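> One predicted model, sequence on top.
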Amino acid sequence: MSNPQQLRYSKEHEWLSTAEDGVATVGITEFAANALGDVVYAQLPEVGSQVTAGETCGELESTKSVSDLYSPVTGEVTEVNEDVVNDPSLVNSAPFEGGWLFKVRIAQEPADLLSADEYAAHTAG
Amino acid sequence: MSSTALRRTALDALHRSLGATMTDFAGWDMPLRYGSERDEHLAVRTKAGLFDLSHMGEITVTGPQAAALLDYALVGNIGGVKVGRARYTMICRADGGILDDLIVYRLGETEYMVVANASNAQVVLDALTERADGFDAAVRDDRDAYALLAVQGPESPGILKQLTDADLDGLKYYAGLPGTVAGVPALIARTGYTGEDGFELFVKPEHAVALWEALTEAGAGVGLVPCGLSCRDTLRLEAGMPLYGNELSTSLTPFDAGLGRVVKFEKEGDFVGREALREAASRAQENPPRVLVGLVAEGRRVPRAGYAVVAGGEVIGEVTSGAPSPTLGKPIAMAYVDAAHAAPGTPGVGVDIRGTHEPYEVVALPFYKRQK
């Protein structure tokens, strides 16, 4: 699987787009989506809520397990992907595109976000 | 990856070449899924699926007193099983606790094959060996003698007919006969764990790959897909079939599990657990313990094993298995609940899903029954 070069990644397997007007898009990686299996339920943060880098802001439920969703950055949620709420399988079928999870106005981002290559190395073990 | 002392089936390389996600299951490295577990599940319901179940534990019991031994060691009436037929039964401890649930095939007048769950195979083997003391019967560990492939789903008879001359139409549900499939000697059994029509094929491990490939080819035109343990679990859950370690354990008797019908007090002679099971039977009648029920979600959050079932703010039970049901399109669960809340339609029942009480409907099991 390939991780898009223009994105940045957290060790908890979220991706973060380059911010436009201070707002970035967040999703989970293809690696994480494959590990979860078929996602059947997505609880996403509410629009207007504050999320904190490295802290849980929702959950993703698959056939066999439930996983916490972490925010890769600190900021305010400006939009959530209602398509994913209605059809969580988008997380599996298009994790880097139609399966994005939420948008966040970045207040602060951690220094340890990974590049695509660094993330690939992180998941290679 | 941890260093693997995991056992691998004869089909291991094939699974890897198919891109299977593997998982540790009872000490075996088994395919969890090949692609989408939902697609695999729906293939079994509507077409056909092919499973590697070589981790199951086969134990052969032979000798003039093979039937007498099994009647003593198990709770079912095994002597009453006709040659060529199979029976679902259980092996219990003296205190009535369930050691395992089993399928016993009668292969001949004095020959039986007992199939145990992978996680309990050694326990069952040890118990049968110990209980064989004084009987003119031999208990043989045949775990390495068999690979087990299952073809399950409405298309499975058509697929198998292309590969065997055996009389499949004459083979009833819960029956098994020796035959040849794709040129390979096999015990062909009409059993399974999916709620669908299907077959389980016991073959020598060295024949497993050839059989798998022949089945794959024969099923290609009708949508047969390889299936992993993940969809096997959702299939059996929809079919309301218990899983050892979830619905069944040594702390429950068959009566506590709602499966008292497998205990045959009327059979001749004593059997291990008889006294304790008598008491469990009357206890279940007079003062019913928790009852195994089905729960169907109104929302989309999935109950998991161990989650509390609640009503009016009180804990009234516990989820034993839960998953999103591909067939129903909603989360479902099996749970033990207090008898007062066990009737289908009982209002006000919910599951505590990580702190939130989600509403659930109590239903009779199974969730899914195939059209015959």
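Great, that's in hand. Numbers count the residues shown, from 1 in each chain, chains lettered A, B, ... in the order given.

> Look up which residues are beta-bridged to the residue nearest to residue A:44 when sequence neighbours are not counted.
Among residues not flanking residue A:44 along the chain, residue A:80 sits closest, at 4.3 Å (CB to CB, 6 or more residues apart in numbering or on different chains). Heads up, the C-betas are built off the backbone N, CA and C, glycines and all. Taking DSSP bridges as the rule, residue A:80 bridges to residue A:102.

> what's the spacing between residue A:80 and chain B?
According to CB to the nearest CB, to the nearest Å, residue A:80 and chain B sit 15 Å apart.

> Check the burial of that residue by counting its neighbours.
By other CB atoms under 10 Å in any protein chain shown, the residues close to residue A:80 number 20.

> Repeat that for residue B:356.
Residue B:356 has 11 nearby residues by other CB under 10 Å.

> now do the one 4 residues further on
Neighbouring residues of residue B:360 were enumerated by other CB under 10 Å; the total is 29.

> Find the nearest non-adjacent residue to residue 106, please.
Went with chain A since none was named. residue A:75 (4.5 Å).

> Chain B, not that one
Closest residue in space to residue B:106, ignoring its immediate chain neighbours: residue B:81 at 4.6 Å, by CB to CB, 6+ apart.

> tell me which element that neighbour is part of?
Using DSSP states H and E, no element contains residue B:81; it sits outside every helix and strand.

> got the contact list for it?
B:87, B:104, B:106 (CB atoms under 8 Å, 6 or more residues apart in numbering or on different chains).

> Please pick the buried ones from the residues you listed.
By neighbour count, with 16 or more other CB atoms under 10 Å in any protein chain shown, the contacts of residue B:81 hold B:87, B:104, B:106 as buried.

> Quick check, pLDDT for the second one.
I take that to be residue B:104. According to the prediction, residue B:104 has pLDDT 98.

> Could you check how far the helix or strand containing it is from the centre of its chain?
Using DSSP H and E, residue B:104 sits in strand B:98-108. Taking the mean of its C-alpha atoms, strand B:98-108 sits 11 Å from the chain's own mean (CA atoms, centre = their mean, to the nearest Å).

> Against residue B:176, how distant is the residue nearest to residue B:106?
11 Å (CB to CB, to the nearest Å).

> can you check residue B:96 too?
Using CB to CB, residue B:96 is found at 29 Å from residue B:176.

> Near the nearest residue to residue B:78 once chain neighbours are set aside, how many residues? Count them for me, please.
Using CB to CB, 6+ apart and skipping the chain neighbours, the partner closest in space to residue B:78 is residue B:70 (3.9 Å). Using other CB under 10 Å, residue B:70 has 30 neighbouring residues.

> quick one: secondary structure of residue B:70?
helix (DSSP: H, G, I helix; E, B strand; the rest coil).

> in the chain, which spans are helices?
With no chain named, the answer covers chain A. For chain A, applying DSSP state H gives helices covering A:30-36, A:82-86, A:90-93, A:116-122.

> That was the other one, I meant chain B.
Using DSSP H, helices in chain B cover B:12-17, B:37-46, B:66-73, B:121-131, B:156-161, B:208-219, B:229-238, B:274-286.

> residues from chain A in reach of chain B?
A:34, A:37-38, A:40-41, A:43, A:59, A:61, A:63-64, A:66, A:89, A:92, A:125 (CB under 8 Å from any CB of the partner chain).

> Could you dump those into TSV with pLDDT, distance to residue B:285 and neighbour count added?
What follows is the residues of chain A next to chain B, written out as TSV (pLDDT from 0 to 100; distance: CB to CB, whole Å; neighbours: other CB atoms under 10 Å in any protein chain shown):
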residue	pLDDT	distance to residue B:285	neighbour count
A:34	90	50	12
A:37	90	42	20
A:38	91	42	26
A:40	91	39	26
A:41	92	40	18
A:43	94	44	18
A:59	94	43	16
A:61	92	39	23
A:63	84	38	23
A:64	79	37	20
A:66	89	39	17
A:89	93	46	15
A:92	95	48	19
A:125	65	56	5
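
> Out of those, which sit inside strands?
In this view, these that belong to strands under DSSP state E are A:40-41, A:43, A:59, A:61, A:66.

> Next to chain A, which bits of chain B? Give me the list.
B:1, B:21, B:32-33, B:36-38, B:230, B:233-234, B:300-302, B:304, B:323-324, B:331, B:354.

> Select only the buried ones of these in ChimeraX?
Of these, the buried ones can be selected in ChimeraX as follows, counting by 16+ other CB under 10 Å:
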select /B:21,32,33,36,37,38,230,233,234,300,301,302,304,323,324,331
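
> residues near residue B:312, how many?
For residue B:312, using other CB under 10 Å, the count is 9.
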